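Trainee: structure for this input, please:
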Amino acid sequence: MVQVRVSEGLLEGEQVQNEYGGSFYRFRGIPYAQPPLGDLRFKPPQPLKPWQGVRQAKQFGTVCYQYNATNPGLSNMSEDCLYVNVYTPDIKPATPLPVMVWIHGGGFVWGSGNDDLYGPEFLIRHNVVLVTLNYRLEVLGFLCLDTEDIPGNAGMKDQVAALRWVKRNIANFGGNPDNITIFGESAGGGSVSYHLISPMSKGLFNRAIPQSGASTCFWAKAFEPKEKAILLAKQLGFHSEDEKELYEFFMNQPVENLVNLNLQVTTSQKSYEIHFSVTSEKDFGQERFFYGDIIDGIQSNLHEGVDIMTGYTKDEYTISVSLGGPLEDILAKAQRYREAFTPKIIQNYGTISDQLEAARKLQKFYYKNERVSMDNIDTLLNYIGVEMFVHGVMLAAKLYSKKNKVYFYKFNCFSERNVFAHAFCVGYLTEGRSIVSHADELAYLFPVKLFSQKVDRTSDTFKLIDRVTKLWTNFAKYGNPTPDDSLGVKWLPYTLAAQDYMDIGNKLVAGKSPDKEELDFWESVHQQHLPKFSMLHK
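Mentor: Below you'll find the model as predicted:
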């Protein structure tokens, strides 16, 4: 039995053995805000009320309501879901320990901080405190009517409330509130990227690791969010566009109607779009998580002194194929419609002529004079991966590097732990290929128990795990993933001039300008057809 006092009362956790060495203390299902039930649906998280006596923190809290594609048997769901989990190697260390706060991905529509995917066993071996969290998802977390009642970004404000809770309480778990690193992958990486510029998040962390996601990725900012809310209401049988009536309608909807949605917004819609994400909030005299323009926000509001480590995996396209349906359908659209090669960000904000010309240039770059076919499908898949993740991540890194210290990576590790192509139900893509899928780095950072990924501590695979977790925890501790020569390589910061990066494969290889020819071409296309989303003019 172990007890810790937090600002709302006394918690009782437990000490457990780590199957990979040593032991740690865990506190699960700790509430960090009032349950967003009843009148609090869609509202910013409200301060938690103190409790009397000792609260048990030995079981996970309920997860936020969702349809979970990788865990369809998930049943422990509720709108009452705002919980954090804390894992620490030592409650009273001689020196406070670095803190790492994990923000899960899942397209802003599924996931949780629970240990089915995000257990502490690998990272905690490096003497850090790990915190994981839940936040509201999809409509419940990201619906926006552009009104005071539903201004948007409730899920992001949940994350801020969790970070404020960590800042306030983590010292009581042995953590250092002045050495906090936030990290996340995919939509979690996009979230981390937003925290780097949000006025609500300023001062709550010292370092950031956005993995395979950035606020500059097209899916990370909602396009015409109010129109999507109106469309959703119509899809559910409600045809008024009056703001008050819409508010009452959504407040009274059964929660089951607000998950696993399939909105057809435009005829040119891409099958791997995300409909509910971060929005620019109007001013109603309350705290706003984000407002204005993404690029301007990074250039003007990037939090000073925050070190950043960011990058992408070799084969990011796997999740896009998973979301896009059968490979044959993706192929058919690319064969039939040239706008399949229009980057979504240009499709959203460019003129019709810019959209068509950008598509023509990119199709010619990737296919020369060949016809798109199943024989050369890898080329199309690579385009999709760059469109959805790589270009946005690279653009954000370049913008960050003008003010802050940045370390850039390309994740290239390959072993039996590369399970996420199969998790995304596109395992057939791995036949004859060494795929390093979107999210594959997660199985080197966490045990991913959902996939029964046991690993022998004496194996070569565990050496890869140890190396990757050391890079991440070194960055959390020192703001430098290679502070000494123990990993046999020096990872230099990324600058616009030198463009140093680390290829994190089965060996660590320092390089310059990842995927240079391809990304330079994307830069030139954006410079010509949507210059705000290019670095060439900045």
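Trainee: state the distance from the spatially closest residue to P93 that is not a sequence neighbour to L10.
Mentor: Computed as C-beta to C-beta, 6 or more residues apart in numbering, the closest residue to P93 that is not its neighbour in sequence is G174, at 4.9 Å. In short, each C-beta sits where N, CA and C put it, glycine included. Applying C-beta to C-beta, to the nearest Å, the value for G174 to L10 is 17 Å.
Trainee: so those two - more neighbours on which side?
Mentor: Under the neighbour definition other C-beta atoms under 10 Å, G174 and L10 were set side by side, and G174 has more, 22 against 14.
Trainee: sorry, back to before: how close does the residue nearest to P93 sit to A94?
Mentor: The value you get for G174 to A94, if C-beta to C-beta is used, is 10 Å.
Trainee: ditto for D39
Mentor: Distance from D39 to A94, by C-beta to C-beta: 47 Å.
Trainee: before we move on, what about F411?
Mentor: Taken as C-beta to C-beta, the spacing of F411 relative to A94 amounts to 34 Å.
Trainee: the two: who's more crowded?
Mentor: Between F411 and A94, F411 has the larger neighbour count (other C-beta under 10 Å), namely 24 against 7.
Trainee: is it correct that the more buried one is in contact with T310?
Mentor: No. With contact defined as C-beta atoms under 8 Å, F411 and T310 do not form a contacting pair (11.0 Å).
Trainee: what is the lengthiest helix in the chain packed up against?
Mentor: Criterion DSSP state H: the longest helix present in the chain is helix 460-478. Counting contacts by 3 or more C-beta pairs under 8 Å, 6 or more residues apart in numbering; DSSP states H and E, helix 460-478 is packed against strand 97-103, strand 175-185, strand 207-211, strand 307-313, helix 442-445.
Trainee: what does the fourth one rub up against?
Mentor: When you say that, I think you mean strand 307-313. With contact meaning C-beta atoms under 8 Å, 6 or more residues apart in numbering, strand 307-313 is reached by 189, 196, 206-212, 214, 389-390, 393-394, 396-397, 400, 404-412, 436-441, 472, 475, 479-481, 501, 504.
Trainee: ok, now with 6 Å
Mentor: For strand 307-313, the surrounding residues in contact (C-beta atoms under 6 Å, 6 or more residues apart in numbering) are 207-210, 212, 389-390, 393, 397, 400, 404-411, 436, 438, 440, 475, 479.
Trainee: cool, the longest one as well?
Mentor: Contact with strand 175-185 is made by 96-101, 103, 105, 129, 167, 170-171, 191-192, 205-209, 211-212, 476, as judged by C-beta under 6 Å, 6+ apart.
Trainee: send the alpha carbons of the helix or strand that that strand is followed by over as PDB?
Mentor: In the C-terminal direction, the helix or strand that comes right after strand 175-185 (DSSP states H and E) is helix 187-195. Taking C-alpha atoms only, helix 187-195 is exported to PDB below (Å, rounded to 0.1, in the frame of the first residue of the first chain):
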ATOM      1  CA  ALA A 187      -3.300  13.000 -33.300                       C
ATOM      2  CA  GLY A 188      -1.300  13.000 -30.100                       C
ATOM      3  CA  GLY A 189       1.600  14.500 -32.000                       C
ATOM      4  CA  GLY A 190      -0.700  17.000 -33.500                       C
ATOM      5  CA  SER A 191      -2.000  17.800 -30.000                       C
ATOM      6  CA  VAL A 192       1.600  18.300 -28.700                       C
ATOM      7  CA  SER A 193       2.200  20.600 -31.600                       C
ATOM      8  CA  TYR A 194      -0.800  22.700 -30.700                       C
ATOM      9  CA  HIS A 195       0.300  22.900 -27.000                       C
END
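Trainee: quick revisit: in TSV: the helices and strands packed on helix 460-478, plus mean pLDDT.
Mentor: Listed next are the helices and strands packed on helix 460-478 as TSV, based on pLDDT from 0 to 100:
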stretch	mean pLDDT
strand 97-103	99
strand 175-185	99
strand 207-211	99
strand 307-313	99
helix 442-445	98
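Trainee: for H239, find the nearest of the ones you listed.
Mentor: Checking these against H239 by C-beta to C-beta gives strand 97-103 as the closest, at 36.7 Å.
Trainee: run through who's touching the next helix or strand after the closest one.
Mentor: Tracing the chain past strand 97-103, the next element assigned as helix or strand by DSSP H and E is strand 129-133. Contact with strand 129-133 is made by 84-88, 97, 99-102, 113, 118, 120, 123-124, 162, 166, 173, 175, as judged by C-beta under 6 Å, 6+ apart.
Trainee: tell me the SS of A439?
Mentor: Three-state call for A439 (DSSP: H, G, I helix; E, B strand; the rest coil): coil.
Trainee: ok, it touching N418?
Mentor: No. Checked against C-beta atoms under 6 Å, the pair A439 and N418 is beyond contact range at 9.7 Å.
Trainee: middle-most residue in the chain, spatially?
Mentor: The central residue of the chain, meaning the one whose C-alpha is nearest the mean C-alpha position (C-alpha atoms, centre = their mean), is G188 at 1.8 Å.
Trainee: if we can go back for a sec, okay, A439 and N418: which has more neighbours?
Mentor: Between A439 and N418, counted using other C-beta under 10 Å, A439 has the larger neighbour count: 26 against 21.
Trainee: how about the contacts made by the nearest residue to the more buried one once chain neighbours are set aside?
Mentor: Take A439 and drop its neighbours on the chain: the residue closest to it by C-beta to C-beta, 6+ apart is F420, 4.2 Å away. F420 makes contacts with S437, A439, D440, as judged by C-beta under 6 Å, 6+ apart.
Trainee: give me that answer again for 8 Å
Mentor: So, once contact is read as C-beta under 8 Å, 6+ apart, F420 ends up touching T318, I319, S437, H438, A439, D440, L442, A443.
Trainee: and D146, by the same measure?
Mentor: Contact criterion C-beta under 8 Å, 6+ apart gives G152, P225, K226, K282 as the residues in contact with D146.
Trainee: what about the residue nearest to A439, distance to N169?
Mentor: Computed as C-beta to C-beta, the F420 to N169 distance reads 33 Å.
Trainee: all set now, cheers.
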